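[1] below is the sequence, then the predicted model.
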Amino acid sequence: MNRMEFGRVPNVDRVDFTLPPDGAGNGPYLESLRQQGTNTAPRVLVGTAGWTDRGYLGKLYPKETKSRDYLHQYARAFPTNELNSTYYGYDALRMSAWAASVPEGFLFCPKLPSTISHEREFENAHEEMDAFVAALQCFGDHLGRAWTILPPGFGPHRAKVLVSFLERYAPQLDLGVELRHQRWFADQEALDDMMAVFTQLGVTPMLTDVAGRRDVLHMRLCAPDTMVRFVGNSGHSTDTQRLDDWIERLGQWMESGLQRAYFFFHQKRDHETVELAQHMLPRLAVRTGLEFDPLEAPVRPKGELHQAELF
């Protein structure tokens, strides 16, 4: 189970979940995207942090689904996954098998390993990062935007280290970065300077919508896509209103030129994300004109076998 605890609070009744206004640079940046034009159809890819929660059985997967087929079933419902597991380690053969289990258009968004982000803190990490970039080629066309979270103590005073790392690797790999240290948001000049670097290099500043840290929801756009991590509160009445607000904001961004949005649900239990997606997808289709498959547990026809079961 992939459980995100950052920013959770025991009671959200008095939290103001209003989405902040767009960053000042969003308008000019989106206008530049419109002027550039693209032959790629816009996409909103909704997904979760994992696919192994047994709570999906009977809810998103057929009840008889074997664990080896969980990803196959997950990818029939969601077009992307926030691949947290690579933070703890990765294996090229396993990643190749994952890529072979998903349909055309599915995108994995792998998290950078902890050895790079939290042990070496992006400094003297070339050997580890080079190996990771090489291993990610196993995903082929299924590789989305890789991403990382800055360590807790990694504030603006370490900006030069981050910039050096991004200058080396952003040309090789689409990257997203989540800023967490509170000084990034208390120092407007430092934040603006880093966003300028992100824009120059095409790095996505990740947006995290969580109750206890509203500052990390800075609403900056610096790349043709955005990555949103939506942390729900297990069915609290505010969850659906927050999603409705996001539907409107995403609709505005897509109309203004944003090409792709990754929207990742987090709940205390992964299978609780199903209700959030069932609320969001049909409303997002109406708002954007994009098509989304209905999210429901498929019923396996009698006699049907997935390839993995033949061996």
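    Arrived safely, thanks for sending.
[2] how about stretch 164-179: buried residues?
    Counting neighbours by 16 or more other Cβ atoms under 10 Å, one finds that the buried residues in stretch 164-179 are 165-166, 169-170, 173-179. C-beta: built from backbone N, CA, C; applies to glycine.
[3] got it, and stretch 205-225?
    Of all the residues in stretch 205-225, those buried under the rule 16+ other Cβ under 10 Å are 205-211, 213-214, 216-218, 220-225.
[4] now stretch 126-134
    By neighbour count on 16+ other Cβ under 10 Å, the buried set for stretch 126-134 is 128-129, 132.
[5] on that earlier part again, the buried residues of stretch 164-179 in strands, which ones?
    175-178 (DSSP state E).
[6] out of those residues, who's nearest Pro113?
    Leu175 (13.6 Å; Cβ to Cβ).
[7] so what's Cys109 up against?
    Residues in contact with Cys109 (Cβ atoms under 8 Å, 6 or more residues apart in numbering) are 47, 80-83, 144-147, 176, 227, 262, 264.
[8] now Thr208
    Neighbour list for Thr208: 6-7, 178, 216-217, 228-229, 231 [criterion: Cβ under 8 Å, 6+ apart].
[9] for this structure, what spans make up the strands?
    Along the chain, counting by DSSP E, strands occupy 43-48, 80-83, 107-110, 146-149, 175-178, 204-205, 207-209, 225-231, 260-266.
[10] which other residues reach the first one?
    I take that to be strand 43-48. Here strand 43-48 has contacts from 2, 78-82, 107, 109, 144, 250, 254, 259-266, 270, 273, 277, 280-281, 284, 288, 290, 292, using Cβ under 8 Å, 6+ apart.
[11] make it 7 Å
    78-82, 107, 250, 260-265, 270, 273, 277, 280-281, 284, 288, 290 (Cβ atoms under 7 Å, 6 or more residues apart in numbering).
[12] any idea what Val228 is bridged to?
    Beta-bridge partners for Val228, by DSSP bridges, are Leu207, Phe263.
[13] residues in contact with Glu5?
    With contact set as Cβ under 7 Å, 6+ apart, Glu5 has no partners.
[14] now it. Its backbone dihedrals?
    Per-residue torsions, Glu5: phi -100, psi -10 (degrees, to the nearest 10).
[15] re earlier: between the strands of the chain, which one is closest to Phe17.
    Closest to Phe17 of the strands of the chain is strand 207-209 (Cβ to Cβ; 7.7 Å).
[16] what's the offset of that closest one from the middle of its chain?
    10 Å (Cα atoms, centre = their mean, to the nearest Å).
[17] what is the nearest of the ones in strands among the buried residues of stretch 164-179 to Ser67?
    Nearest to Ser67, judged by Cβ to Cβ, of those is Gly176 at 29.0 Å.
[18] ok, the nearest residue to that closest one once chain neighbours are set aside to Asn81 distance?
    Nearest residue to Gly176, sequence neighbours excluded (Cβ to Cβ, 6 or more residues apart in numbering): Trp147, at 3.6 Å. Distance of Trp147 to Asn81, given as Cβ to Cβ, to the nearest Å: 12 Å.
[19] which residues does Met129 contact?
    By Cβ under 7 Å, 6+ apart, the neighbours of Met129 are 116, 169.
[20] separation between it and Gly89?
    Going from Met129 to Gly89 by Cβ to Cβ gives 15 Å.
[21] cool, Arg242 as well?
    Noted for Arg242: a distance of 33 Å to Gly89, by Cβ to Cβ.
[22] and these two? which has more neighbours close in?
    Ranked by neighbour count (other Cβ atoms under 10 Å), Arg242 and Gly89 place Arg242 first, with 20 against 10.
[23] what about the closest residue in space to Ala92 that isn't next to it in sequence, neighbour count?
    Spatial nearest neighbour of Ala92, excluding adjacent residues (Cβ to Cβ, 6+ apart): Ala135 at 4.6 Å. Here the number of neighbours of Ala135 (other Cβ under 10 Å) works out to 19.
[24] over to Arg283?
    Arg283 sits with 17 neighbouring residues when counted by other Cβ under 10 Å.
[25] please name the nearest non-neighbouring residue to it.
    Distances taken as Cβ to Cβ, 6+ apart place Ile247 nearest to Arg283, at 5.3 Å, with adjacent residues excluded.
[26] any idea how far Asp270 is from Arg54?
    Using Cβ to Cβ, we find Arg54 at a distance of 10 Å from Asp270.
[27] do Gly27 as well
    In this view, Gly27 and Asp270 are 36 Å apart by Cβ to Cβ.
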